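Q: Fold the following and give me the result.
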Amino acid sequence: MLVKTFGSAVFGVDATTITIEVNIDTGINFHLVGLPDSAVKESQHRITAALKNRGYKWPGKKITINMAPADIRKEGSAYDLPIALGILSASGQHEMPNIGDYIIMGEMSLDGTVQPIKGALPIAIQARAEGFKGFILPTENAREAAIVNDLEVYGVDSISDVVGFLSGEKNITPTIVNTREEFRQHLENPAFDFSEVKGQENIKRALEIAAAGGHNVILIGPPGAGKTMLAKRMPTILPPMTLNEALETTKIHSVAGKLGNNASLVAQRPFRSPHHSISNVALVGGGSFPQPGEISLAHHGILFLDELPEFQRTVLEVMRQPMEDRKVNISRARFSVDYPASFMLVASMNPCPCGYFNHPSKECVCSPGIVQKYLNKISGPLLDRIDLHVEVTPVSFDEMSSERKEEKSADIRRRVVVAREIQNERFKETEGIYNNAQMQTRHLREVCRIEKDGQDLLRHAIDKLNLSARAYDRILKVARTIADLESSEKIETGHLAEAIQYRSLDREGWMG
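A: Next comes the predicted model:
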């Protein structure tokens with residue numbers, strides 16, 4: 001007897017439906033074909049024990065299982081449940097006439113219970129697109145899949161639950177999630193706030209500009225100056241995520257298995273802070289079985305690289321293309337996958353190995369050659385993609401002990417949102433550009449026009465401060481964002497002057 005069940009395979013952040021054909025005939029062999037990996041091949045042993053421990057019989061006949069399309073590699077243990085159900089139905093132990101109406105996924109334990117899977121959200125999206133009635137999966141993943149509207153999602157705890165449901169002997173209530181309500185509830189619960197940061201007004205201003213224009217930023221200062229504390233609060237002043245952005249980000253975290261049990265939408269902008277010992281593959285994604293890297297997990301959020309010069313140079317260099325393209329392409333001999341990677345880079349570093357170059361009270365013990373060598377760990381092309389270079393100075397005792405109330409993140413965010421709305425209107429006809437940081441050179445001539453006084457100031461700054469040629473475009477972009485924060489149609493001289501001061505690392509001899 002031949003029975004078909006349906007599962008799904010995830011490639012990149014999209015799913016492909018897999019047809020699992022189970023045929024039982026005379027004989028005693030077991031054949032599993034269709035390009036399964038080792039975890040899928042081992043399913044026979046898990047299923048055999050699970051069926052016996054749940055009171056079902058393992059058919060003493062020839063079982064042939066084909067997973068189509070046969071040219072796509074099937075990975076992981078999540079096919080246990082649809083294979084087991086196919087065997088029970090094909091052997092005639094239970095009548096399950098509607099088994100083909102559902103996508104079924106789940107890893108099975110030896111006692112017949114089911115374990116959580118990865119990628120439930122993209123599988124649910126594909127199931128709805130292909131017209132399946134519902135999606136049967138482990139209870140821990142049910143809320144994640146139920147984000148998708150117009151699809152019945154059933155969370156189950158064991159194979160007995162599924163058999164009872166499909167044979168009509170048991171009723172299971174579908175999991176329902178009000179996506180918009182869920183999104184709204186999780187939108188405003190920040191763990192950090194800028195009101196907790198004493199002083200550092202100039203740094204807060206720089207980070208506000210970075211958030212308003214989507215600019216990458218690097219913080220340079222001695223140990224204990226507050227670089228990490230400030231960076232961790234960056235997500236709280238970024239514009240709230242839209243529902244589409246939340247769904248895109250949740251898909252990536254779902255594929256990577258980072259959502260956790262009983263989770264649903266990722267409604268707050270992600271903040272990823274990998275250690276400096278991270279490898280190339282862990283940062284950008286890939287591997288034998290490609291998975292999203294840290295830059296994709298930071299999609300629509302912040303990627304924070306603390307102690308930037310301590311990262312391997314090759315690790316930093318592989319970020320350059322994703323920072324420009326806002327996506328990562330992982331290519332293998334048989335296939336290639338794309339992961340989105342539209343993130344804001346926030347980096348921090350000490351100004352020298354000892355950390356006290358330009359410190360107001362402590363003396364630097366590094367020789368000029370050592371200082372320059374330390375800075376050279378960061379390549380020019382990478383710095384070229386960082387718009388704001390911000391010097392962070394230590395907070396004085398008077399500022400730390402002050403009772404003055406600091407501005408809250410919500411107040412800063414309101415100004416950022418207004419500036420972003422101006423940019424959305426400006427670029428509404430331009431595909432792929434949503435903020436000032438994404439502008440190409442051809443847009444600068446249209447959007448960043450400056451008067452003669454501004455031209456003279458910019459020319460003087462480049463000559464006097466020995467700014468590099470690459471700083472010119474960056475200054476114009478940042479100046480445009482500063483003007484947007486003030487709702488100014490023109491880039492004034494003051495806007496340019498403020499933008500120029502955020503190019504510390506372009507100054508000749510800055511590091512001695």
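
Q: mind checking the SS state of Pro351?
A: coil (DSSP: H, G, I helix; E, B strand; the rest coil).

Q: show me the contacts for it.
A: For Pro351, the contacting residues are 220-222, 357-358, 371, 511, by Cβ atoms under 8 Å, 6 or more residues apart in numbering. The way it works is simple: take the backbone N, C-alpha and C, and place the C-beta from them, glycine included.

Q: Gly119 too?
A: By Cβ under 8 Å, 6+ apart, Gly119 lies in contact with 8, 10, 15, 254-255.

Q: hey, which helix or strand in this structure has the poorest pLDDT?
A: The helix or strand with the lowest mean pLDDT-type score in the chain, counting by mean pLDDT, DSSP states H and E, is helix 179-187 (a mean of 68).

Q: moving C-terminal of it, what's the next helix or strand?
A: Using DSSP states H and E, the next helix or strand after helix 179-187 towards the C-terminus is helix 201-213.

Q: and that following helix, how far from the chain's centre?
A: Per Cα atoms, centre = their mean, to the nearest Å, the displacement of helix 201-213 from the mean C-alpha position of its chain is 23 Å.

Q: ok, and what's touching that helix?
A: Here helix 201-213 makes contact (Cβ under 8 Å, 6+ apart) with 194, 197, 215-217, 219, 226, 230, 233-234, 237-239, 344, 346, 387-388, 390, 392, 407, 412-413, 415-416, 419-420, 423, 435-437, 477-478, 480-482, 484-485, 502.

Q: List the buried residues in it.
A: 203-213 (16 or more other Cβ atoms under 10 Å).

Q: follow-up on the earlier one: strands - which of the contacts of helix 201-213 land there?
A: Within these, residues falling in strands by DSSP state E are 217, 219, 344, 346, 388, 390.

Q: and which of those is nearest Glu492?
A: Set against Glu492, the nearest of the ones in strands among the contacts of helix 201-213 by Cβ to Cβ is Leu388 (18.7 Å).

Q: and the helix or strand harbouring Val114, what does it pack onto?
A: Taking DSSP H and E as the definition, one finds Val114 inside strand 114-115. If you count contacts as 3 or more Cβ pairs under 8 Å, 6 or more residues apart in numbering; DSSP states H and E, strand 114-115 packs onto strand 107-108, strand 134-138.

Q: ok, residues contacting the first one?
A: Under the contact criterion Cβ under 8 Å, 6+ apart, strand 107-108 has outside partners 43, 46-47, 50, 76-78, 80-81, 84, 114-117, 138, 159.

Q: Likewise for stretch 377-388?
A: Stretch 377-388 has contacts (Cβ under 8 Å, 6+ apart) with 206, 209-210, 213, 215-218, 308-309, 313, 316-317, 319-320, 323-324, 345, 347, 349, 389, 437, 470, 474, 477-478, 502, 505-506.

Q: any low-confidence regions in the protein?
A: 182-190, 468-470, 506-512 (pLDDT under 70).

Q: For it, give the helix that spans the most residues.
A: helix 409-426 (DSSP state H).

Q: Would you mind listing the buried residues in it?
A: Judged by neighbour count (16+ other Cβ under 10 Å), helix 409-426 contains these buried residues: 409, 412-413, 415-416, 419-420, 422-423, 426.

Q: Check those residues against Asn23 and report the nearest one.
A: Nearest to Asn23 among the buried residues of helix 409-426: Arg420, at 57.1 Å, using Cβ to Cβ.

Q: The closest one and Ala68, how far apart?
A: 46 Å (Cβ to Cβ, to the nearest Å).

Q: dump the residue contacts of Gly100.
A: Here Gly100 is in contact with 4-6 (Cβ under 8 Å, 6+ apart).

Q: Neighbour-wise, give me the winner out of those.
A: Thr5 (27 neighbours; other Cβ atoms under 10 Å).

Q: check contacts around it.
A: 19-20, 22, 82-83, 85-86, 89, 99-100, 104.

Q: Could you look up the SS state of it?
A: At Thr5 the chain is in strand, as set by three-state DSSP.

Q: Quick check: bridge partners of it?
A: Ile20 (DSSP bridges).

Q: Start from the N-terminal end of the stretch 1-150 of the chain and give the helices.
A: In the stretch 1-150 of the chain, the helices defined using DSSP state H, counting those that start in this stretch lie at 38-41, 43-53, 80-90, 120-129, 142-145.

Q: Columns mean neighbour count and distance to Pro340 on top of the ones you listed, output as CSV?
A: Shown next, in CSV, are these (neighbours: other Cβ atoms under 10 Å; distance: least, Cβ to Cβ, whole Å):
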stretch, mean neighbour count, distance to Pro340
helix 38-41, 14, 27
helix 43-53, 18, 32
helix 80-90, 26, 29
helix 120-129, 24, 13
helix 142-145, 26, 19
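
Q: Would you mind pulling the contact partners of stretch 432-442?
A: Against stretch 432-442 from outside (Cβ under 8 Å, 6+ apart): 213-216, 326, 387, 420, 423-424, 427, 443, 447-448, 473, 477-478, 480-481, 484.
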